[in-house]
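K.L.:
I would like to see how this sequence folds:
(one chain, ligands or ions: 1)
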Amino acid sequence: MSEHAVVIAGGGPTGMMLAAELTLAGTNVLIVERRPSFKLESSRSRGLHSRTIEVLDQRGVVDRFLAEGKAMQVQAFAGVPMDISDFPTRHNYGMALLQSHFERIMSGWLDELGVPILREREVTSFAQDDSGVDIALSDGTSLRAQYLVGCDGGRSAVRKAAGIDFAGWDPTTCWIHAEVEMAEQPEFGLRGGGGIGPAEGGRVGVTLIEPDVNRTDEPTLEDLRAALIRVDGTDHGVHSPRFISRFTDMTRQAVAYRSGRVLVAGDAAHVHPPMGGQGLNIGVQDSVNLGWKLAQVVKGTSPVSLLDTYQAERRPVGARVLQNTMAQRALGATDERTGALRNFLAELLTMDQPRKHIAGMISGLDVHYDLGEGHPMLGLRMPDLDLATANGPVRVFELLHNAKPVLLNFGDAGALDITAWAERVQLVNASYAGPWELPVLGEVSAPSAVLVRPDGHVAWVGEGRDAGLRDALTTWFGPDQRSGLKISSTRKGARVGRSEMGYLSSATASTSLTDCNPMRRTRNRMSSTPCSTRAARSFIAGRKRADAAVTATPADEIARILRERETRSTPESTLDPIHNSDPARDGDRDSGRSIQPRDPASRDVSAASGGRTIEPITEEDF
Ligand SMILES: Cc1cc2nc3c(=O)[nH]c(=O)nc-3n(C[C@H](O)[C@H](O)[C@H](O)COP(=O)(O)OP(=O)(O)OC[C@H]3O[C@@H](n4cnc5c(N)ncnc54)[C@H](O)[C@@H]3O)c2cc1C
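P.N.:
This next block holds a predicted model:
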C-alpha cells in the first residue's frame with residue numbers, strides 16, 4: 001500500500017491548486033483523479049477574478065495564465081457591470097480564460113513540480129483511525145495517508161463518506177444545457193430563461209429552462225428538441241451534441257470543512273448558481289488557505305488545531321458567495337417589479353461606495369479573516385508593494401513565491417528578532433515610501449512591520465513595537481523551534497480526540513457561526529419572503545460588513561430554515577447562457593458544459609457600464 005502525507009481526491013482546479021501548495025511546502029502529496037487526462041470537454045468557468053490572479057502571482061506563475069487569457073473588467077452583480085480599474089492592486093481586472101485552459105496550464109505547473117497523479121481511478125471509500133486514513137480506490141487498491149482532502153466536486157464522495165451534511169436550498173429552476181450543431185442558424189440571444197449563442201468550432205450553445213425542476217435522468221437530444229420547440233417553435237434541425245446536461249440553482253454548503261483527518265474544499269464544500277463567476281475562484285482560494293496549514297500539521301511544526309482555522313476562515317467566505325448568488329438569482333426574475341429593482345440596484349452601483357463594496361466581494365479582494373482586534377490590515381490580503389531592500393527592489397508577491405511566510409520589517413534593521421523561527425519565516429528589512437492603500441477600505445496608516453502568511457494574508461502588524469509578534473509566530477508557524485517542541489500529527493495509540501473531530505461537534509459549530517448569520521437576521525425581518533428574495537434584499541439594503549454578513553450556518557439551523565420556509569416562488573428567471581451550472585446535479589462538473597463566450601472584444605464591461613437599464617441576468621461573466 002503506498003503511503004503519502006496527503007491524498008487529494010479530485011484533480012480539478014481546487015485539487016490541483018492544493019497539490020501545488022502542499023508540494024511547495026515540501027509535503028508528499030498524491031492526487032487521485034477520475035478523468036484520464038486534464039482535458040475538459042466543456043469550458044465551464046470563463047475566467048478568473050482579481051484575487052485569484054493575485055494568488056497565482058504570489059506563486060510566480062501568473063504570467064503563464066495572463067499569456068493565454070485576456071485581462072478585462074469582468075466583475076458584475078446581477079447583470080450590472082462594475083469596473084475595478086481604480087482598485088489599488090496590480091491586477092485591477094479579471095481575466096477571460098476558459099476553465100479547460102486554466103486546468104491545462106495548472107496541469108503543466110504540477111508536472112514541473114513533480115506532483116504524482118493517479119488517473120482513471122476514484123476514491124470510493126475510506127476509514128480513518130488515530131494515525132491516518134486508509135483510502136479505497138475504484139481499481140481495488142488502497143492508499144494510506146495522514147490526511148485525505150475531498151476536492152471531488154459538488155457530488156463529493158469524500159464529503160458524503162465523512163458524514164458531513166450539505167445543507168442549504170433545494171433548486172427552484174432546472175435548465176437544459178448543451179453544445180450542438182444545427183441545420184439552420186438560430187437567432188442568437190437571451191430567451192426561455194437562458195439563451196442561444198455561438199460556441200467553439202461553429203457549434204451552438206443552448207441553455208433553456210425545463211418545466212420540471214425535479215428531473216434527475218440524463219438529458220437527451222429529444223429533451224433538447226422539446227425545449228427548443230417550446231421557446232422557438234422549431235428545433236432548428238439540432239444534431240450532433242458535444243454534450244447535453246442539466247443544472248439547477250441548488251445552493252448548498254458543507255456544515256463542516258473537516259471531520260478528523262478528512263477535509264473538503266472547492267465545490268465539495270460549496271455549490272451555488274454561477275452568477276458572478278465565483279465557484280472556481282473560491283475553490284482555488286480555499287486551497288491557498290488550506291495548503292500551508294496542512295503542510296505544517298503533517299510536518300509536526302503546528303498542532304492540528306491550526307486546521308480549525310481553515311473552516312473558521314473559509315466557510316464564511318463560501319457562505320457569503322451562496323448569499324450573493326441567491327440574491328443575483330432572485331434579481332434575475334423577469335417580472336416588471338424585479339426589473340424595477342434591478343434598475344434601482346444599477347443606479348446604486350454607479351456610486352463609488354456600493355460599487356467598491358460589491359466589486360470587492362465579487363473579485364475576492366475584500367476577504368478579511370477575523371484575526372481579532374488591531375490594525376485594519378490584520379486578516380486582509382497584503383498588497384503587492386514595490387519594496388526597496390539592501391539586495392535591490394523586490395515586490396511583496398515575489399517574496400511569497402516559495403509559499404513561505406515573510407516578516408517585513410520597515411523599522412531599524414535588527415529591531416525584530418525571529419531567530420527562533422528563522423527556518424520557517426523569512427525576515428526582510430525593507431522600505432516603502434508609497435501610500436498603504438487597500439481595496440474597498442482605502443488608505444491605512446503605515447505599519448512598522450507586517451507578518452505575512454504564505455496565503456498572502458496579514459497575520460500581525462507592527463506599530464512601532466514587537467508586541468504580539470511572538471504569539472502570532474507561534475499561532476501561525478508553530479512554537480519557537482529552539483524549544484525542540486515537535487508536534488506529533490499522528491498520536492499513535494490515542495483515540496481521535498475532540499480537537500481533531502471538533503468541527504463535527506455542534507457546540508463548536510454553533511459558537512462561531514450563528515450570531516451574524518444574514519440568513520437568520522433577514523429571515524426574522526422578512527419571514528414570509530422566499531430565501532433568494534431575502535438574500536437580494538439584504539444585499540440591496542447594503543449590509544455593512546462583508547465579514548459580519550458571512551457566517552456559516554449550523555446544520556440544525558439550516559434544517560429549521562428549510563422547515564419554516566414558505567412555498568418557493570420560482571421567478572421566471574433568465575440565466576446568462578454563458579455562465580451556468582448546477583454543481584449538485586452536475587456535481588463534479590466533469591461533464592460540465594457551457595455555451596461558448598461572446599466575442600471577448602464585445603465584452604468590455606467598462607465601456608458598457610454607463611448604461612443603467614439592465615436585462616435579466618446579463619452579467620458579464622466570462
Ligand atoms: C457551466 C459552468 C460555468 C461556470 N462558470 C464559472 C465561472 O465563470 N467562474 C467560476 O469561478 N466558476 C465557474 N463555474 C464553477 C466551476 O466550474 C467550479 O466551481 C470548479 O470547477 C470547482 O472546481 P473543483 O476542483 O472544486 O471541482 P471540479 O471542477 O468539479 O473537480 C472535481 C474533480 O474531481 C474528480 N472526481 C470526482 N469524484 C472523484 C472521486 N471520487 N475520486 C477521484 N476523482 C474524483 C472529477 O473528475 C473532477 O476532475 C462554472 C461551472 C459550470 C458547470
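
K.L.:
what's the residue of the stretch 351-500 of the chain found nearest the ligand in contact with, if anything?
P.N.:
Using C-beta to the nearest ligand atom, the closest approach of the stretch 351-500 of the chain to the ligand is made by residue 364 at 9.8 Å. From N, CA and C alone the C-beta is placed, and that goes for glycine too. With contacts defined as C-beta atoms under 8 Å, 6 or more residues apart in numbering, residue 364 is in contact with 49, 50, 51, 52, 278, 281, 282, 285.

K.L.:
what's the closest non-adjacent residue to the fourth one?
P.N.:
If I follow you right, that is residue 52. residue 281 (4.6 Å; C-beta to C-beta, 6 or more residues apart in numbering).

K.L.:
wait, that neighbour touches residue 49, no?
P.N.:
Yes. Counting by C-beta atoms under 8 Å, residue 281 does reach residue 49; the two are 4.8 Å apart.

K.L.:
more crowded one of the two?
P.N.:
Neighbours per residue (other C-beta atoms under 10 Å) separate residue 281 from residue 49, with residue 49 holding more: 28 against 25.

K.L.:
who's in contact with the more buried one?
P.N.:
74, 75, 94, 277, 278, 281, 362, 363, 364.

K.L.:
which SSE is the residue found closest to the third one once you drop the neighbours it is linked to in the chain in?
P.N.:
Yep, that's residue 94 we're talking about. Sequence neighbours aside, residue 74 is the residue nearest to residue 94 in space, at 3.4 Å (criterion: C-beta to C-beta, 6+ apart). Using DSSP states H and E, residue 74 sits within no helix or strand.

K.L.:
got phi/psi on residue 74?
P.N.:
Residue 74 adopts backbone torsions of phi -110, psi -10, taken as degrees, to the nearest 10.

K.L.:
could you measure from it over to residue 198?
P.N.:
Distance from residue 74 to residue 198, counting by C-beta to C-beta, to the nearest Å: 19 Å.

K.L.:
of the two, which one has the most company?
P.N.:
Just comparing residue 74 and residue 198: by other C-beta under 10 Å the higher neighbour count belongs to residue 74, 31 against 17.

K.L.:
hmm, that one is touching residue 97, no?
P.N.:
No. If you go by C-beta under 8 Å, residue 74 and residue 97 don't touch, sitting 10.3 Å apart.

K.L.:
point out where the chain drops to low pLDDT.
P.N.:
By pLDDT under 70, the weakly predicted segments of the chain are 42-43, 484-622.

K.L.:
and the longest helix for it?
P.N.:
If each helix of the chain is counted by residues according to DSSP state H, the longest one is helix 308-330.

K.L.:
how close does whichever residue of the stretch 101-250 of the chain sits closest to the ligand get to residue 32?
P.N.:
Nearest residue of the stretch 101-250 of the chain to the ligand: residue 153, at 2.9 Å (C-beta to the nearest ligand atom). Residue 153 sits at a distance of 13 Å from residue 32 (criterion: C-beta to C-beta).

K.L.:
using PDB, list the CA coordinates for stretch 124-143.
P.N.:
Below are the C-alpha coordinates for stretch 124-143, written out as PDB (Å, rounded to 0.1, in the frame of the first residue of the first chain):
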ATOM      1  CA  THR A 124     -14.600   5.100  -3.300                       C
ATOM      2  CA  SER A 125     -14.400   4.900   0.500                       C
ATOM      3  CA  PHE A 126     -12.100   5.500   3.400                       C
ATOM      4  CA  ALA A 127     -11.600   4.600   7.000                       C
ATOM      5  CA  GLN A 128      -9.800   6.900   9.400                       C
ATOM      6  CA  ASP A 129      -8.100   5.900  12.600                       C
ATOM      7  CA  ASP A 130      -5.800   7.700  15.100                       C
ATOM      8  CA  SER A 131      -2.800   7.900  12.800                       C
ATOM      9  CA  GLY A 132      -4.200   8.200   9.300                       C
ATOM     10  CA  VAL A 133      -6.700   7.300   6.700                       C
ATOM     11  CA  ASP A 134      -7.000   4.100   4.600                       C
ATOM     12  CA  ILE A 135      -8.400   5.100   1.200                       C
ATOM     13  CA  ALA A 136     -10.000   2.600  -1.100                       C
ATOM     14  CA  LEU A 137      -9.800   3.200  -4.800                       C
ATOM     15  CA  SER A 138     -12.100   2.000  -7.600                       C
ATOM     16  CA  ASP A 139      -9.500  -0.400  -9.000                       C
ATOM     17  CA  GLY A 140      -9.500  -2.400  -5.800                       C
ATOM     18  CA  THR A 141      -6.200  -1.000  -4.500                       C
ATOM     19  CA  SER A 142      -5.800   1.200  -1.500                       C
ATOM     20  CA  LEU A 143      -3.700   4.100  -0.200                       C
END
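
K.L.:
show me what counts as buried in that stretch.
P.N.:
Neighbour-count burial for stretch 124-143, with 16 or more other C-beta atoms under 10 Å as criterion, is recorded at 124, 126, 128, 131, 132, 133, 135, 136, 137, 142, 143.

K.L.:
of the residues you listed, which pair is most distant in space?
P.N.:
Maximum pairwise distance in the buried residues of stretch 124-143, criterion C-beta to C-beta, is 21.5 Å, between 124 and 131.

K.L.:
beta partners for the nearest residue to residue 11 once chain neighbours are set aside?
P.N.:
Leaving aside its chain neighbours, residue 11 sits nearest to residue 33 (3.5 Å; criterion: C-beta to C-beta, 6+ apart). Beta bridges link residue 33 to residue 119, judged by DSSP bridges.

K.L.:
wouldn't residue 33 be in contact with residue 116 here?
P.N.:
No. Taking contacts as C-beta under 8 Å, residue 33 lies outside contact range of residue 116: 10.7 Å.

K.L.:
more neighbours: which of the two?
P.N.:
Shown here are residue 33 and residue 116; by other C-beta under 10 Å, residue 33 has more neighbours (24 against 14).

K.L.:
next up, the contacts around the more buried one.
P.N.:
Contacts of residue 33 by C-beta under 8 Å, 6+ apart are 10, 11, 15, 117, 118, 119, 120, 121.

K.L.:
again, only this time at 6 Å
P.N.:
Applying C-beta atoms under 6 Å, 6 or more residues apart in numbering, we find residue 33 in contact with 11, 117, 119.

K.L.:
select only the buried ones of those residues in PyMOL?
P.N.:
Selection of buried members from those for PyMOL, criterion 16+ other C-beta under 10 Å:
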select buried, resi 11+117
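
K.L.:
near the ligand, from the contacts of residue 33?
P.N.:
residue 11 (C-beta under 6 Å from any ligand atom).

K.L.:
any idea which of the contacts of residue 33 is closest to residue 248?
P.N.:
residue 11 (25.4 Å).

K.L.:
so what does the closest one have for phi and psi?
P.N.:
Dihedral angles (degrees, to the nearest 10) for residue 11: phi -110, psi 50.

K.L.:
so it makes contact with residue 29?
P.N.:
No. Residue 11 is not in contact with residue 29 according to C-beta atoms under 6 Å; the separation is 11.1 Å.

K.L.:
got the contact list for the most centrally placed residue in the chain?
P.N.:
In the chain, the residue lying closest to the centroid (C-alpha atoms, centre = their mean) is residue 282, at 0.9 Å. Taking C-beta under 6 Å, 6+ apart, we find residue 282 in contact with residue 321.

K.L.:
touching the ligand at all, the helix or strand it falls within?
P.N.:
Using DSSP H and E, residue 282 falls within helix 279-299. Yes. Shown here: helix 279-299 in contact with the ligand (C-beta under 6 Å from any ligand atom) through 279, 280, 281, 283.
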